[in-house]
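Peer 1: Quick one: sequence and predicted model below, then my questions.
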Amino acid sequence: MANGTIAFDTLQTSGQITGTAKSVDTDYVVNGSARMYAAINGTGTISTYISLNVSSLTDDGVGEPWCNVTNSFSSSTSYAVSGATNPSSTFNDTVCWNQAGGASQVRIFTGADASQLDINPVGVTVLGDLA
């Protein structure tokens, strides 16, 4: 089977979608797609439930899982991270991140109130430019 290239500027549906949103410029698809995502079990031996562009995880301490990416970002400041947890009934669970991970790692901090805690599950999505 031969591999090749398909070049196009617009994706268009064959009519199965109703309304006015029947086509989209490919720039929106390329620039608006997640470059990395992971659903993480941050307790015990950390692991992913599902992921994209994650080669491995590093447990850097309580509430500090790192996502090591398969395809690096163009720099440590070329991406944006969004995170969420399943909040417990007794804590205000939070997810935040730090660019100190660099272009090949996304560092995540999880906790409740003012304390870092291992939390399960943790969801992380990253948008940005790959190298």
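Peer 2: Okay, I see it. Numbering: from 1, shown residues only.
Peer 1: what sits against residue 43?
Peer 2: Contact partners of residue 43, counting by CB atoms under 8 Å, 6 or more residues apart in numbering, are 118-120. Every residue, glycine included, has its C-beta placed from N, CA and C.
Peer 1: Apply 7 Å and report the result again.
Peer 2: 118, 120 (CB atoms under 7 Å, 6 or more residues apart in numbering).
Peer 1: Is it in a helix, a strand, or coil?
Peer 2: Counting by DSSP: H, G, I helix; E, B strand; the rest coil, the backbone at residue 43 sits in coil.
Peer 1: again, but for residue 125
Peer 2: The assignment at residue 125 comes out as strand when based on three-state DSSP.
Peer 1: Which parts of the protein are helices?
Peer 2: 26-31 (DSSP state H).
Peer 1: where do the strands sit along it?
Peer 2: Ranges of strands within the chain are 10-12, 23-25, 36-41, 47-52, 54-59, 65-69, 79-85, 93-98, 105-112, 115-116, 122-128, based on DSSP state E.
Peer 1: Turn these into TSV, columns for distance to residue 4, mean pLDDT and mean neighbour count.
Peer 2: What follows is these, written out as TSV (distance: least, CB to CB, whole Å; pLDDT from 0 to 100; neighbours: other CB atoms under 10 Å):
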stretch	distance to residue 4	mean pLDDT	mean neighbour count
strand 10-12	18	70	11
strand 23-25	22	70	11
strand 36-41	27	94	21
strand 47-52	24	95	15
strand 54-59	28	95	15
strand 65-69	28	93	22
strand 79-85	30	87	17
strand 93-98	38	74	17
strand 105-112	33	87	21
strand 115-116	49	85	12
strand 122-128	28	90	20
